[in-house]
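**Q** pasting the structure only:
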């Protein structure tokens, strides 16, 4: 009873703010609920409508672009930063602090900041490119460059993943590295056969968190794409209309809550499938200390 009493705030919060809304949204996904009027049960009509919705398919395509491009690139850059920050040089703590600072910037503030940085006329990026006589792209004002702009913003804020990798690097036993050196392994072979296997659980963790974040991407795209409630498009040619952005517009712009609930559950099932595949494949390349296959 004492144990239940101490965990009751969490149980009440989880039940009232997570489980109950999830169950309610599942029920609404089978109705035509619009908040202001009574709802009618429509069965699988909302799910069938999603199959015929070209805007939803475009939003899914934009979302999976982030999964395929942004997540792997962020992992590579974060690991590279961690390797550099693990080198014992003067001012190492300062460099680590500077790397992590973007993680502390509020999401809305960082999105507005990068709208100025990527401004095609007087933004910082195009100004620097102009010094080298390079004509910078239109960034957010271009269909082909709008999603790379989002990727660039995300890479700027990978301090959290880099710090996790850095902690993993410092946890690698020096004896393993020394043994590899004695066996004649060079820098690349030590990285390939010692460092990467030791970091593989952290790579999996950051990959899973990155996929979850990419499939729920909302705030930066909504602000940088100029979206607002009322069903407006996000980004030039809906290029920044990701799945959750479209869900928000349908639910709170068009007030089609039932349709948006069905969209949310489809996205939820897709996330489960992607994560399940990632975890299944990870059994081939993730190694844990002391683990032996039976």
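**A** Yep, that arrived. Not measured: the values here are computed from a predicted model.
**Q** how many other residues sit next to the residue nearest to residue 256 when sequence neighbours are not counted?
**A** Distances taken as CB to CB, 6 or more residues apart in numbering put residue 250 closest to residue 256, at 5.2 Å, once the chain neighbours are dropped. Every residue, glycine included, has its C-beta placed from N, CA and C. Neighbour count for residue 250, taken as other CB atoms under 10 Å: 24.
**Q** any low-confidence regions in this protein?
**A** 227-233, 290-294 (pLDDT under 70).
**Q** who's sitting farthest from the centroid in it?
**A** Within the chain, the residue lying farthest from the chain centre (CA atoms, centre = their mean) is residue 182, at 40.6 Å.
**Q** is it true that the residue nearest to residue 256 touches residue 263?
**A** Yes. Counting by CB atoms under 8 Å, residue 250 touches residue 263, with 6.7 Å between them.
**Q** need the longest helix for this structure.
**A** Looking across the chain with DSSP state H, the single longest helix is helix 257-282.
**Q** so how far is that one from its chain's centroid?
**A** Distance, stretch centre to chain centre, for helix 257-282: 14 Å (CA atoms, centre = their mean, to the nearest Å).
**Q** which neighbouring elements make contact with it?
**A** Counting contacts by 3 or more CB pairs under 8 Å, 6 or more residues apart in numbering; DSSP states H and E, helix 257-282 is packed against helix 20-28, helix 45-51, helix 196-215, helix 243-248.
**Q** in it, which residues are buried?
**A** Within helix 257-282, the residues that qualify as buried are 257-267, 270-271, 274, counting by 16 or more other CB atoms under 10 Å.
**Q** for stretch 9-25, same thing?
**A** residue 25.
**Q** and that stretch, how far out from the chain middle?
**A** The answer for stretch 9-25 is 24 Å, by CA atoms, centre = their mean.
**Q** can you give the contact residues for that stretch?
**A** 4, 261, 264, 265 (CB atoms under 8 Å, 6 or more residues apart in numbering).
**Q** quick one on the thing from earlier: any idea how far the residue nearest to residue 256 lies from residue 49?
**A** Per CB to CB, to the nearest Å, residue 250 is found 11 Å from residue 49.
**Q** overlap in contacts of these two?
**A** By CB under 8 Å, 6+ apart, residue 250 and residue 49 have these common neighbours: residue 259.
**Q** buried residues in stretch 122-135, which are they?
**A** By 16+ other CB under 10 Å, the buried positions in stretch 122-135 come out as 123, 125, 126.
**Q** can you redo those residues as JSON lines with secondary structure?
**A** JSON lines is the format used below for the buried residues of stretch 122-135 (DSSP: H, G, I helix; E, B strand; the rest coil):
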{"residue": "123", "secondary structure": "coil"}
{"residue": "125", "secondary structure": "helix"}
{"residue": "126", "secondary structure": "helix"}
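**Q** return the member of these nearest to residue 235.
**A** If you rank the buried residues of stretch 122-135 by distance to residue 235 using CB to CB, residue 123 comes first, at 16.9 Å.
**Q** so that closest one makes contact with residue 114?
**A** No. When contacts are counted by CB under 8 Å, residue 123 is not listed as touching residue 114 (9.0 Å).
**Q** so for these two, which residues contact both of them?
**A** With the criterion set as CB under 8 Å, 6+ apart, the contacts of residue 123 and residue 114 do not overlap.
**Q** show me what the strand or helix carrying residue 111 is packed against.
**A** Assignment of secondary structure by DSSP states H and E places residue 111 within helix 107-117. The contact analysis (3+ CB pairs under 8 Å, 6+ apart) places helix 107-117 against helix 124-131, helix 143-156, helix 219-224.
**Q** returning to that earlier point: switch the buried residues of helix 257-282 over to CSV; also include distance to residue 53.
**A** Shown next, in CSV, are the buried residues of helix 257-282 (distance: CB to CB, whole Å):
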residue, distance to residue 53
257, 16
258, 14
259, 9
260, 12
261, 14
262, 10
263, 9
264, 14
265, 15
266, 11
267, 13
270, 15
271, 19
274, 21
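**Q** tell me the spacing between residue 259 and residue 216.
**A** From residue 259 over to residue 216 (counting by CB to CB), the distance is 19 Å.
**Q** so which of the buried residues of stretch 122-135 is the closest to residue 86?
**A** Relative to residue 86, and with distances defined as CB to CB, the nearest of these is residue 125, at 28.7 Å.
**Q** so the closest one sits against residue 115, correct?
**A** No. Residue 125 lies out of contact with residue 115 (CB under 8 Å); the separation is 11.6 Å.
**Q** count the neighbours of residue 289 for me.
**A** Counted with other CB under 10 Å, residues neighbouring residue 289 total 9.
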